[in-house]
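Visitor: Take a look and give me a structure for this.
(one chain, ligands or ions: 2)
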Amino acid sequence: MTPQERIAELTDRLNYYTHQYYQNSVSEVDDFTFDQLLAELAELEKQYPEFRYPESPTTRVGGTISKEFATVYHRFPMLSLGNTYSEEDLIEFDKRVQKGLNGQAYEYICELKFDGVALSMTYENGLLVQGATRGDGIRGDDITNNIRTIRTVPLRVGQVAGSGEQGARNGEKSKGQVAIDFGAEIPLAPSSELPALFEVRGEGFLPLAEFERINKEREDIGEPLLANPRNAASGTFKQQDSGAVAKRRLDCYVYSFLSDQEVFKTHEESLIAMKQWGFNVSQTWQKCADIQDVMRYINQWEEKRFTLPLGTDGIVIKVNRYDQQRELGYTAKSPRWAISFKYKALAASTVLTGIRYQVGRTGSVTPVALLTPVLLAGTTVKRASLHNANEIERLGVRLYDTVFVEKGGEIIPKITGVDLNRRTDQSQPIIYPTTCPACGTPLIRKEGEANHYCPNERGCPPQRQTRFEHFIQRRAMNIESLGEGKIEMLIDKGLVETPADLYSLTSEQLLGLEKVFLDRDGGPEEIGKKRVVSFREKTVENILTAIERSKAQPFQNVLFALGIRYVGNTTAEKLADYFGSMDAIMKASQEELLAVPDTGPRIAESVVAWFADDYNRVFVEQLRTAGLQFEGEKKVVEREGDALAGKTFLYTGTFANFSREELENRIEANGGRLLSGISKKLNYLIVGENAGPSKVDKAQKLNVPMIGEDEFLAMLEV
Ligand SMILES: NC(=O)c1ccc[n+]([C@@H]2O[C@H](COP(=O)([O-])OP(=O)(O)OC[C@H]3O[C@@H](n4cnc5c(N)ncnc54)[C@H](O)[C@@H]3O)[C@@H](O)[C@H]2O)c1
Ligand SMILES: [Zn+2]
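Guide: Ligands and ions are numbered 1, 2, ... in the order given. So this is what the prediction gives:
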């Protein structure tokens, strides 16, 4: 391949990966590979500048803007950062800084490089008025309403006259999608330090624990899992429904301050002040006197970063003084006064000793690699995920091979390759099971799906077991005192077959039951460890009380507890609100189900199929007999007419004729739609008493018609 051809190929490929990464929140290659290819392209372009393409990824900030959101221009461009993986490069960077500053003394501030999505937040007179993505660096998406769902992003900063509050947060607002101006009524007296207009920047992210929680929930109802926290965060920020965004508890670490006024002399001062003003500034930053000090910081965090609540992929080194930053300036793509050092993913090598095939509630089979325990990033690794049969094939891994395990953003490490040099005669091919490891039923693999399934939903022990676990969880029937092996014992002893049987258990049956569990798949030192579960008087009493109490769990919880595929607890809530009773849902056709907000064909089909099954109907009738709640309050808005059909609304302030909820209901009942923020797509802003000035301002700027309460009422008369 000629250099010219290689430049063309790299440009196309990298632009494609970039598009996938920023537009679709998908990583088709890992970051290290991406960065290596990018470095190769930059090098080639330096040698052969005549072959460089105008759309080359080496000189552009990666992201783009999307049609779904209003576009905003950044007051100050949002750039990328130069990056390096080596100490030599860092020393080079330091030399460039030294040279650029002509012998002046300088200091660095080191920060962790948080792996999420760059966000910009603009404050006017202390109020958050705009939140945006980086986009192409010049323009980004206006995602103010999504950013407002982040509890650690203050909606207002500065001294607030009246109450000492900092409390009302958008995340606490009621259902629906209407953003509310909490701050509107209270007069604001910004502290003397705060400029009237400023911008803060930070990294929006999904905390690891939250990522795990969401995935557990998705696994439970048979939804595909989110790939990693970074891509999940990026996908979430792009959602239109800020109510859905609020459910995923995003967070944001703030790391930079910008204003036309010179408020601070150094980056350090800004970090301290932002923290005092109530921003979430990660306290992991450190001032470093020189590049050696920076190296120490890098070493110190290489492993320690895994104890942080979020994924990080390196550190960022910034020249501290703002006047020196200005002196050093920018390239088209990044500042010359900062650089990021990226850690190579931490890897270790160890032996694959076996594979355990786990069967989940919905029957999907996942292979888990069992490893000779090895120390990686401060923790002992005994297991790694292998995803599915395709992955095993892709890796070409055999049993007793020495494999490389890596820890990235996720909690469970993954196998990334095989050390072929260390393959011995002992190694054996991995024979993927054709029958269920738990019940022997032949596995099936659906067209286009990577996972194998055990179709024996009812008889397969782990599937039955996880169905119980689903049933007893807090958001379902809340009988969590039955966890930790107790259910397994009840099933083993033949006392329960389906969760409905829990309701006929008696204390005589339970008292004195005992079971010894043996650990079968821990590391060698754990195999054979015993754990005894036994039912004494107190335990039995607790369990029976919890079962009895569960009968009062609301209808939506019962519906979720049934374990219908794709019916998570949000969907269960929507179905319950809409239909009001089990009987109504059982009778509903697919078309009727599709009329429920946010319910698509996949869910509708799944619900109809579930209730069409006699076995499930018997189960439902048993639950009815046991006395569970089969009815709830019907919260569906009755249709009044089409007067507002096709029109979109947003309101601000308070109204004489309606509460906020009534207003929302009237809009929906007449065919109108509520939007979550002001954009060009908004047809009307309904303005009440004490309206939020920022909303009114923005509506004026975008020429969105504003109407009062009376005009709104008149529209309904038509
Ligand atoms: N795997 C893929 O397919 C793929 C595709 C495109 C890009 N990428 C990755 O994205 C990188 C390019 O993205 P980029 O242009 O956003 O550069 P970058 O992510 O390397 O650096 C800039 C970003 O770092 C973030 N950041 C985190 N902590 C920070 C802190 N303390 N201070 C300042 N900024 C901080 C900010 O969001 C900023 O926008 C590539 O190097 C590659 O690793 C991967
Ligand atoms: Zn099975």
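Visitor: For the rest of this, base every contact and every neighbour count on C-alpha atoms.
Guide: Fine.
Visitor: Once you drop chain neighbours, what's closest to the residue in the stretch 601-718 of the chain positioned nearest to ligand 1?
Guide: In the stretch 601-718 of the chain, the residue that lies nearest ligand 1 is G677 (24.1 Å; Cα to the nearest ligand atom). Leaving aside its sequence neighbours, G677 sits nearest to N145 (Cα to Cα, 6 or more residues apart in numbering; 6.2 Å).
Visitor: One more: E303?
Guide: Per Cα to Cα, 6+ apart, closest to E303 is A377, 4.9 Å.
Visitor: isn't the one you found right next to W301, touching?
Guide: No - the criterion here is Cα atoms under 8 Å, and A377 misses it with W301 at 10.4 Å.
Visitor: So for these two, which residue has more residues nearby?
Guide: Neighbours per residue (other Cα atoms under 10 Å) separate A377 from W301, with A377 holding more: 19 against 16.
Visitor: and the more buried one, how far is that from ligand 1?
Guide: A377 sits 20 Å away from ligand 1, going by Cα to the nearest ligand atom, to the nearest Å.
Visitor: where's that residue relative to Y85, distance?
Guide: For A377, the distance to Y85 (Cα to Cα, to the nearest Å) stands at 18 Å.
Visitor: And the helix ranked longest in the chain, what's buried?
Guide: In the chain, ranked by residue count with DSSP state H as the criterion, the top helix is helix 3-23. Neighbour-count burial for helix 3-23, counted by 16 or more other Cα atoms under 10 Å, picks out 7-8, 10-15, 17-19, 21-23.
Visitor: Who are the packing partners of the helix or strand following that helix?
Guide: Tracing the chain C-terminally past helix 3-23 and defining elements by DSSP states H and E, one meets helix 31-47 next. Contact partners of helix 31-47 among helices and strands, from 3 or more Cα pairs under 8 Å, 6 or more residues apart in numbering; DSSP states H and E: helix 3-23.
Visitor: residues from the stretch 301-450 of the chain in reach of ligand 1?
Guide: V316 (Cα under 6 Å from any ligand atom).
Visitor: who's in contact with the residue nearest to G677?
Guide: Applying Cα atoms under 8 Å, 6 or more residues apart in numbering, one finds that N145 lies in contact with 131, 179, 242, 676-677.
Visitor: How about F69?
Guide: 141-143, 679.
Visitor: One more: A289?
Guide: 106-108.
Visitor: can you check S481 too?
Guide: For S481, the contacting residues are 542-543, 546, by Cα under 8 Å, 6+ apart.
Visitor: and if you look at G494?
Guide: So G494 contacts nothing (Cα under 8 Å, 6+ apart).
Visitor: on that earlier part again, tilt between the longest helix of the chain and helix 31-47?
Guide: Relative orientation of helix 3-23 versus helix 31-47 (axes from the mean of the first three to the mean of the last three Cα atoms, to 10 degrees): 140 degrees.
Visitor: got JSON lines for the contacts of S481, with distance to ligand 1, neighbour count and pLDDT too?
Guide: Supplementary listing: the contacts of S481 in JSON lines, determined by distance: Cα to the nearest ligand atom, whole Å; neighbours: other Cα atoms under 10 Å; pLDDT from 0 to 100:
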{"residue": "N542", "distance to ligand 1": "48", "neighbour count": "14", "pLDDT": "92"}
{"residue": "I543", "distance to ligand 1": "48", "neighbour count": "20", "pLDDT": "94"}
{"residue": "A546", "distance to ligand 1": "46", "neighbour count": "18", "pLDDT": "95"}
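Visitor: And the helices in the stretch 551-700 of the chain, which stretches?
Guide: 555-561, 569-579, 582-587, 590-594, 601-612, 614-626, 660-669, 693-701 (DSSP state H, counting those that start in this stretch).
Visitor: could you dump those helices to JSON lines with mean pLDDT, distance to ligand 1 and mean neighbour count?
Guide: Conversion of these to JSON lines gives the following (pLDDT from 0 to 100; distance: least, Cα to the nearest ligand atom, whole Å; neighbours: other Cα atoms under 10 Å):
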{"stretch": "helix 555-561", "mean pLDDT": "97", "distance to ligand 1": "37", "mean neighbour count": "26"}
{"stretch": "helix 569-579", "mean pLDDT": "91", "distance to ligand 1": "31", "mean neighbour count": "21"}
{"stretch": "helix 582-587", "mean pLDDT": "96", "distance to ligand 1": "43", "mean neighbour count": "16"}
{"stretch": "helix 590-594", "mean pLDDT": "91", "distance to ligand 1": "36", "mean neighbour count": "16"}
{"stretch": "helix 601-612", "mean pLDDT": "95", "distance to ligand 1": "30", "mean neighbour count": "17"}
{"stretch": "helix 614-626", "mean pLDDT": "96", "distance to ligand 1": "44", "mean neighbour count": "15"}
{"stretch": "helix 660-669", "mean pLDDT": "83", "distance to ligand 1": "36", "mean neighbour count": "18"}
{"stretch": "helix 693-701", "mean pLDDT": "85", "distance to ligand 1": "27", "mean neighbour count": "15"}
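Visitor: Indicate which one of those is closest to ligand 2.
Guide: Closest to ligand 2 of the helices of the stretch 551-700 of the chain is helix 614-626 (Cα to the ion; 17.8 Å).
Visitor: Kindly format the C-alpha coordinates of that closest one as CSV.
Guide: Coordinates of each C-alpha in helix 614-626 appear next as CSV, following Å, rounded to 0.1, in the frame of the first residue of the first chain:
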residue,chain,number,x,y,z
ASP,A,614,-52.3,-21.3,30.2
TYR,A,615,-49.5,-22.0,32.6
ASN,A,616,-49.1,-18.3,33.3
ARG,A,617,-52.9,-17.8,33.7
VAL,A,618,-53.0,-20.5,36.3
PHE,A,619,-50.1,-18.7,38.1
VAL,A,620,-52.0,-15.4,37.9
GLU,A,621,-55.2,-17.0,39.3
GLN,A,622,-53.2,-18.4,42.2
LEU,A,623,-51.8,-15.0,43.0
ARG,A,624,-55.3,-13.5,42.8
THR,A,625,-56.6,-16.2,45.3
ALA,A,626,-53.7,-15.4,47.6
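Visitor: Next, the angle from that helix to helix 601-612.
Guide: Using the same axes, to 10 degrees: helix 614-626 against helix 601-612 is 70 degrees.
Visitor: Numbering from 50 from now on, please.
Guide: Sure, I'll start counting at 50 from here, so that last one is helix 663-675.
Visitor: list the helices and strands helix 663-675 packs on?
Guide: Packed next to helix 663-675, using 3+ Cα pairs under 8 Å, 6+ apart, is no helix or strand.
Visitor: List of residues touching it?
Guide: Counting by Cα under 8 Å, 6+ apart, 547, 549, 552, 600, 659-660, 679 sit against helix 663-675.
Visitor: quick one on the thing from earlier: now the residue nearest to G726: how far from E687?
Guide: To E687, N194 is 28 Å away according to Cα to Cα.
Visitor: With T483 instead?
Guide: Distance, T483 to E687, by Cα to Cα: 52 Å.
Visitor: returning to that earlier point: among the contacts of A338, find the one with the greatest number of neighbours, please.
Guide: Busiest of the contacts of A338 [other Cα under 10 Å] is Y157, holding 24 neighbours.
Visitor: Got the phi and psi for that residue?
Guide: When read as degrees, to the nearest 10, the backbone of Y157 gives phi -110, psi 150.
Visitor: Would you check that my belief about it contacting V365 is correct?
Guide: No - between Y157 and V365 there is no contact under Cα under 8 Å: 9.8 Å.
Visitor: residues in contact with the residue lying closest to S655 once chain neighbours are set aside?
Guide: Nearest residue to S655 in three dimensions, chain neighbours excluded: R614, at 6.3 Å (Cα to Cα, 6+ apart). Contact partners of R614, counting by Cα under 8 Å, 6+ apart, are 270-271, 411, 652, 655-656.
Visitor: coming back round to it: quick one: closest of the helices of the stretch 600-749 of the chain to E141.
Guide: Among these, helix 742-750 comes nearest to E141, with 46.7 Å by Cα to Cα.
Visitor: Can you give the distance of the next helix or strand after that closest one from its chain's centre?
Guide: Following helix 742-750 in sequence order, the next helix or strand is strand 755-756 (DSSP H and E). For strand 755-756, the separation from the chain centroid amounts to 36 Å (computed by Cα atoms, centre = their mean, to the nearest Å).
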